[in-house]
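[1] Quick check, what structure comes out for this input:
(2 chains, ligands or ions: 2)
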Amino acid sequence: MTTPILEIRNLHARIEDREILKGVNLIIPAGEVHAIMGRNGSGKSTLSYVLAGKDDYEVTEGEILLNGESILEMEPNERAAAGVFLAFQYPIEIPGVATMTFLKAAMNAQRKARGEAELLTPEFMRLVKEAGTQLQVDTAMLKRPLNVGFSGGEKKRAEIMQMALLKPALCVLDETDSGLDIDALQVVSKGVNALRSDSRSMLVITHYQRLLNHIVPDVVHVFSDGRIVESGDKDLALQLEAKGYADFDGAAA
Amino acid sequence: MAIAFPVRLGAAENTLIEQLKSVGADATAERITVAGLPTRRVEAYHYTDLKLLLKAIPPLAQAANEASAPALRIAGAYQLMIANGMIQSHATAPAGVIVGKAAGTALSTRDDVLVHLNGAFARQSLTLTLENSVDTVIQIDRRIEGLAAHAADSVKIFVADGASATIIETFSGSDAAHVGNHATYVALGKDARLTHITVDLSARAVSHFATNEYHVGEGANLRTLVVHAGAGLARTHVFPRYEGTGAHGDITGLNLVSDGQHADITMDALHAVPHTTSQPLFKSIARGRGKSIVQGKLVVARDAQKTDAKFMHQGLMLSDEAEILSKPELEIYADDVVCGHGSTCGKLDEDSMFYLMSRGIPKEEAETMMVRGFLDELVDPIEDEALAEALHGVIDGWLLGK
Ligand SMILES: Nc1ncnc2c1ncn2[C@@H]1O[C@H](COP(=O)(O)OP(=O)(O)OP(=O)(O)O)[C@@H](O)[C@H]1O
Ligand SMILES: [Mg+2]
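    Ligands and ions are numbered 1, 2, ... in the order given. As a prediction, the model looks like this:
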């Protein structure tokens, strides 16, 4: 069997004194898209942050393997260079950092970490323009400070644009669909689907079955109280939509 | 009845008294004998207690024999140099610039020990007259070279009616324990415009003192930027005077302090006539056990109605042990004015840092990007690109030079 892109084994993590992830097990083979659905507060964003390496969380048990190698000891930037990308549920506004400067710094830092040559400006501009056109992020937006004054939907499109530019091995999308209008949902889904490939895996966190009509998952997982309680094919999402979570996690709705 | 006890004089004060007597400055020697160096009880020196901080004064500076490398190169700038208090020979000035010399300090007399000392020890002032719009950036490179020395120097700048210029002064030299006492006097004529930047890049062992006095005339526009990025002890005292209707000042400053450093910018501004405005904006970045102080005093004279002035200080702490102190002071004698002050202090936003790093940007680079963002307001208004780039270089160099 080939090594999966992502393997999470019995992952426990806490913030301050509160345990939030309580034994997550998940394998995503190369080329597959997995969806995670679950109640508010069940720990989905926590899982995404722990994958990306946010240091507010303490991993107390378990392992995260990316292409067979542990990433737990890596800094967030090292994980990014190794291929982890998190599209944030709430992208951060950073006044004072120009979007273009940021994109170039990110792309070049990853290239440098992988021992590749820096991008020359014309090539960089071409790539940004291409990704911008695809995700309908116009140049006026790129001239603004990072995410500052972007609408909710614009922020989400900008996240996927970054993903398209950085070409990660593992894409984690945390509620990328929330806040998107119908057209933007199409644009974003198209952008995400264009990135599907045999060498890339995706973990799509969502509350809505609707997104999964556009980004069709190979596997759907139900997340409850810090762990995966049920897994199935895409029809699981339809069942969830029809019945609610109670049937799956046993808790009262 | 108050009984005046004579102050106990320390080694630094005794040396100063001797040095003052050796140049015939008996009155100043007498002041120090009676009052000593200012302590925290003197308002303007509240956080920079000279009696405590100045342990020793090196011998008075002799002419310099060798010069170290320039601390900052600005592409295309016209360069002037003062080394150990003496004006050095220079290239032909650009059109509209007259370079000259005058005896003694350029500063106005005021009750301040560093001003008195500059008056006693500065033998000559470099004079610059700017007659019209000067596009070339002028750099005044002030050095203290050789063995540890107590050096005083002085510059006098006159910007004629309607003229404009950009001047940067840099302070550097050998890495001995110098005490530098630097003076700059600037007068702006009607509708004149000036950007005046002073950057301390002295060695850690140096004690750097500067006094910048500005007279801003009718309709004139002044932008200043003090950067402390070198000496272990640095203090710049800024005295803007708004003396003509429509005078405006953007008085800005930046303290960059690392472990063991102490930097102080103290502004004492006077709005003397009606309809003048100013926007003093200062920033501090401190790491290790660094200490940054910004004091801002706004005095509005009784006649100076419609004054609009707001003092602002923003601090960024890069460590838990750092100290950033801020003291605003308003002294308003007019009744129809808009004056205020504000200050903030915080750390780099962790969520922002995580966001940048999650995209592959290493911590130091992310920090630099955030700090550049924090400092944009100070560097952005500087129009000359080479100059702005040089200043970014100073900031980035400080950030990387942990
Ligand atoms: N800094 C924190 N301190 C304490 N508890 C926290 C902190 N951050 C998150 N939590 C808690 O962790 C739990 C999981 O939060 P998380 O954001 O992972 O949920 P989620 O599944 O993404 O929810 P949603 O669907 O609403 O986005 C919540 O109960 C939340 O309150
Ligand atoms: Mg969430």
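[2] Residues of the stretch 1-150 of chain A that sit close to chain B?
    Within the stretch 1-150 of chain A, the positions near chain B by C-beta under 8 Å from any C-beta of the partner chain are A:52-56, A:75-77, A:79-81, A:84-86, A:88, A:91-92, A:94-97, A:101-102, A:105-107, A:109-110, A:113, A:145. For every residue, glycine as well, the C-beta is placed using N, CA and C.
[3] Give me the three-state assignment for whatever residue of chain B ends up closest to chain A.
    Proximity of chain B to chain A (C-beta to the nearest C-beta) peaks at residue B:373, 2.0 Å away. The three-state label given to residue B:373 by DSSP: H, G, I helix; E, B strand; the rest coil is helix.
[4] show me the contacts for residue B:137.
    Residues near residue B:137 by C-beta atoms under 8 Å, 6 or more residues apart in numbering or on different chains: B:74, B:76-78, B:166-168, B:384, B:386-387.
[5] quick revisit: once you drop chain neighbours, what's closest to the residue of chain B closest to chain A?
    residue A:96 (2.0 Å; C-beta to C-beta, 6 or more residues apart in numbering or on different chains).
[6] that older thread, can you add distance to residue B:49 and give the contacts of residue B:137 back as CSV?
    Formatted as CSV, the contacts of residue B:137 follow (distance: C-beta to C-beta, whole Å):
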residue, distance to residue B:49
B:74, 35
B:76, 42
B:77, 37
B:78, 39
B:166, 35
B:167, 32
B:168, 30
B:384, 38
B:386, 39
B:387, 35
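[7] In terms of distance to ligand 2, which of the residues you listed ranks first?
    Distances from ligand 2 to the contacts of residue B:137, taken as C-beta to the ion, are shortest for residue B:387 (46.4 Å).
[8] How many residues are close by that closest one?
    Using other C-beta atoms under 10 Å in any protein chain shown, residue B:387 has 22 neighbouring residues.
[9] thinking residue B:77 is in contact with residue B:170, fair?
    No. Using C-beta atoms under 8 Å, residue B:77 is not in contact with residue B:170, being 10.1 Å away.
[10] roughly how far apart are residue B:56 and residue A:104?
    50 Å (C-beta to C-beta, to the nearest Å).
[11] Looking at these two now, which is surrounded by more residues?
    Taking neighbours as other C-beta under 10 Å, residue B:56 and residue A:104 compare with residue A:104 leading, 18 against 13.
[12] Assign a three-state SS to that one, would you?
    Residue A:104 - assigned by three-state DSSP - is helix.
[13] What parts of the stretch 101-250 of chain B come near ligand 2?
    For the stretch 101-250 of chain B, no residues are found near ligand 2 under the criterion C-beta under 5 Å from the ion.
[14] which residues touch stretch A:92-111?
    A:77, A:80-81, A:117-119, A:124, A:127-128, A:141-150, A:158, A:162, A:165-166, B:349, B:351-352, B:354-356, B:359-362, B:365, B:369-370, B:372-374, B:376.
[15] Flag the shaky bits of the chain, pLDDT-wise.
    Using chain A. Where chain A drops to pLDDT under 70, the residues are A:1, A:251-253.
[16] Not quite, go with chain B.
    B:1-5, B:402.
[17] try it again with 90
    B:1-7, B:63-71, B:89-91, B:364, B:368, B:396, B:399-402 (pLDDT under 90).
[18] And the strands in the stretch 201-350 of chain B, which stretches?
    With strands called from DSSP state E, counting those that start in this stretch, the stretch 201-350 of chain B shows them at B:207-216, B:221-228, B:233-242, B:248-257, B:262-271, B:277-278, B:281-286, B:291-300, B:308-317, B:323-332, B:338-347.
[19] For ligand 1, which of those strands is the nearest?
    Within the strands of the stretch 201-350 of chain B, the stretch nearest ligand 1 is strand B:338-347; the backing value is 16.6 Å (C-beta to the nearest ligand atom).
[20] For beta bridges, what are the partners of the most centrally placed residue in chain B?
    Nearest residue to the geometric centre of chain B (C-alpha atoms, centre = their mean): residue B:236, 3.7 Å. Beta-bridge partners recorded for residue B:236 (DSSP bridges): residue B:210, residue B:265.
[21] Surely it and residue B:265 touch.
    Yes. Contact criterion C-beta under 8 Å: residue B:236 and residue B:265 qualify, at 5.3 Å.
[22] who touches both of the two?
    B:226, B:228, B:253.
[23] from those, which is closest to residue A:216?
    residue B:253 (58.3 Å; C-beta to C-beta).
[24] give the contact list for the closest one.
    Counting by C-beta under 8 Å, 6+ apart, residue B:253 has contacts B:224-228, B:236, B:238, B:265, B:267, B:281-283, B:294.
[25] partners of it in the sheet?
    Where residue B:253 sits in a bridge, its partners, by DSSP bridges, are residue B:226, residue B:282.
[26] Give me the buried subset of the contacts of residue B:253.
    B:224-228, B:236, B:238, B:265, B:267, B:281-283, B:294 (16 or more other C-beta atoms under 10 Å in any protein chain shown).
[27] Would you mind putting those into TSV with distance to ligand 1 alongside?
    Below are the buried ones among the contacts of residue B:253 laid out as TSV (distance: C-beta to the nearest ligand atom, whole Å):
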residue	distance to ligand 1
B:224	43
B:225	39
B:226	40
B:227	38
B:228	37
B:236	42
B:238	43
B:265	37
B:267	40
B:281	34
B:282	33
B:283	30
B:294	33
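[28] As TSV, these with distance to residue A:24 would be great.
    Output for the buried ones among the contacts of residue B:253, formatted as TSV (distance: C-beta to C-beta, whole Å):
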residue	distance to residue A:24
B:224	57
B:225	52
B:226	54
B:227	50
B:228	50
B:236	56
B:238	58
B:265	52
B:267	56
B:281	49
B:282	49
B:283	44
B:294	49
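[29] Now the residue nearest to residue A:58 when sequence neighbours are not counted. Its backbone dihedrals?
    Leaving aside its sequence neighbours, residue A:58 sits nearest to residue A:14 (C-beta to C-beta, 6+ apart; 5.5 Å). Main-chain dihedrals, residue A:14, degrees, to the nearest 10: phi -140, psi 160.
[30] Give me the distance between residue A:14 and residue B:138.
    For residue A:14, the distance to residue B:138 - C-beta to C-beta - is 60 Å.
[31] So which residues on chain B come close to chain A?
    B:349-352, B:354-363, B:365-366, B:369-370, B:372-374, B:376.
[32] among the residues you listed, which ones are buried?
    Buried among those (16+ other C-beta under 10 Å): B:352, B:354-362, B:365-366, B:369-370, B:372-374.
[33] from those residues, which ones fall inside helices?
    Mapping these onto helices (DSSP state H) picks out B:352, B:354-358, B:365-366, B:369-370, B:372-374.
[34] Look at the spatially most central residue of chain A and tell me its secondary structure.
    Geometric centre of chain A, nearest residue: residue A:172, 1.8 Å, by C-alpha atoms, centre = their mean. For residue A:172, the assignment made with three-state DSSP gives strand.
[35] Could you tell me the end-to-end distance of stretch A:33-47?
    16 Å (C-alpha to C-alpha, to the nearest Å).
[36] measure the nearest residue to residue B:199 once chain neighbours are set aside to residue B:78 for me?
    Spatial nearest neighbour of residue B:199, excluding adjacent residues (C-beta to C-beta, 6+ apart): residue B:227 at 4.4 Å. Computed as C-beta to C-beta, the residue B:227 to residue B:78 distance reads 20 Å.
[37] which among the buried ones among the contacts of residue B:253 gets closest to ligand 2?
    residue B:283 (35.4 Å).
[38] from memory the closest one sits against residue B:326, does it?
    No. Under the criterion of C-beta under 8 Å, residue B:283 makes no contact with residue B:326, lying 10.9 Å away.
[39] Nice, that's everything, thank you.
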